[in-house]
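Chemist: have a look at this fold, sequence not included:
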Ligand SMILES: Nc1nc2c(ncn2[C@@H]2O[C@H](COP(=O)(O)OP(=O)(O)OP(=O)(O)O)[C@@H](O)[C@H]2O)c(=O)[nH]1
Ligand SMILES: [Mg+2]
């Protein structure tokens, strides 16, 4: 079965915690701190594998986690780094955040490898925290937490040209006529359920790729029929060949058909209206006498003033097909050669923690405590050893009104503030 989308859960590795330990040597009564640093957590990486062309594998495994970093050890022992996890995807895979549908990465063209979630840094061991005033630091930095996300993978067909139209108008017949592809052709609706790709080998040119998109119907943009699943493939094509049953073999009006499909395209994505479009007025071999001229003239009068050229063709006999292909190639050449890529809209690293709660409490006279996941996280990220880190820490307390709250509780100079095993003296 062809899978063109999959939902998975991904997680980077957590950083290993820093270690708290003290040197113990014979004849040395109180050795200094020697707790080692934790290892880095593994990154979660997506990589293009040119040999893949479906997302089938993601049907079986839905959870992907990079390895956590090991904690630091005694005697300055550095914890091992966690292994990265590399997820292989076919070219043209788009990674979106599941809940918002925002694009995280577009794995196509030059983008062959991208780190989607970074592993957490390892925490520093207590060996780093000895200062002249604190000889026995009982604190080590926790490792940075892992990052997790639910993502949706979508495989978009990368073709220069998309064949769109109602079911049964002859899209697959056309594809089989002009390319090496061998799609199923039959006289019923929705013969094609998955997009087929084919390469057009056009004399004197470097050819191009056509995708045969499954039949669209009214309401496709709202998910009716099979359209919704496949409309997204059209977004990536540069030129649209709009196939229509000009001979009305099923009794429908070709002009109304074209208008209906174009409305679906635009309501799915208004930018689709800007793509160059060419009409393949198919099944012209069915006409008798002057019928063809009458219908083609009507089509031309309706669409050519809008810049959409009409080509009478027969996908079965091959009549008119070459002319249409050369015109399509001309349109492709006119376009700016920039490949279509999807811009990044979602940034997993910029998760907003500003709503996480914290508590500021008076434990006893002269002792206060500040706690909460946000505080712990901040301490985990901050190297209090460095001047910059300490400045950041103070600014954080001020910006988040923590100092203000402490003052409201009646803190005085020289009192102690406890945060996750760390103790600070309060001075204005
Ligand atoms: N007379 C005639 N019949 C055609 C022509 N092109 C296609 N057909 C017939 O129309 C029917 C549908 O053709 P397909 O190529 O399967 O149509 P499709 O647009 O791919 O259909 P779906 O995959 O169902 O959307 C088949 O019976 C074809 O033989 C043509 O140029 N002339
Ligand atoms: Mg078909």
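Modeler: Sure, I can see it. Bear in mind that the values here come from a model prediction, so they are computed numbers and not experimental data. Numbers count the residues shown, from 1 in each chain. Ligands and ions are numbered 1, 2, ... in the order given.
Chemist: so what's the closest residue to residue 188 other than its chain neighbours up against?
Modeler: Leaving aside its chain neighbours, residue 188 sits nearest to residue 168 (6.8 Å; criterion: Cβ to Cβ, 6 or more residues apart in numbering). (Each C-beta comes from the backbone N, C-alpha and C, glycine too.) Each residue near residue 168 by Cβ atoms under 8 Å, 6 or more residues apart in numbering is listed here: 187-189, 191, 215, 245, 250.
Chemist: rerun that using 10 Å as the cut-off
Modeler: Shown in contact with residue 168 (Cβ atoms under 10 Å, 6 or more residues apart in numbering): 185-192, 215, 245, 249-250.
Chemist: scan those residues and report the most crowded one.
Modeler: Each of those was scored for neighbours by other Cβ atoms under 10 Å, and residue 215 scores highest at 25 neighbours.
Chemist: hang on, it packs against residue 192?
Modeler: Yes - counting by Cβ atoms under 10 Å, residue 192 is a contact partner of residue 215 at 6.8 Å.
Chemist: got any ranges where the stretch 251-400 of the chain has weak pLDDT?
Modeler: Low-confidence segments of the stretch 251-400 of the chain (pLDDT under 70): 336-340, 348-356, 380-381.
Chemist: with adjacent residues omitted, what lies nearest to residue 254?
Modeler: Nearest to residue 254 is residue 244, by Cβ to Cβ, 6+ apart, at 4.6 Å.
Chemist: same check, this time on residue 50
Modeler: Spatial nearest neighbour of residue 50, excluding adjacent residues (Cβ to Cβ, 6+ apart): residue 91 at 6.1 Å.
Chemist: again with residue 179
Modeler: Excluding the flanking residues, the one nearest residue 179 by Cβ to Cβ, 6+ apart is residue 198, at 2.6 Å.
Chemist: give me the pLDDT value at the one you found.
Modeler: At residue 198, the model reports a pLDDT of 82.
Chemist: please name the bridge partners of it.
Modeler: Taking DSSP bridges, one obtains residue 210 as the residues bridged to residue 198.
Chemist: report pLDDT for the residue nearest the centre of the chain.
Modeler: With distances taken as Cα atoms, centre = their mean, the residue of the chain nearest its centroid is residue 95 (2.2 Å). The model reports residue 95 with a pLDDT of 94.
Chemist: and it, how far from ligand 1?
Modeler: Computed as Cβ to the nearest ligand atom, to the nearest Å, the residue 95 to ligand 1 distance reads 29 Å.
Chemist: next secondary structure after the strand or helix carrying that residue?
Modeler: Using DSSP states H and E, residue 95 falls within strand 93-97. For strand 93-97, the following helix or strand on the C-terminal side (DSSP H and E) is strand 103-107.
Chemist: tell me how far the residue nearest to residue 188 lies from residue 130.
Modeler: 79 Å (Cβ to Cβ, to the nearest Å).
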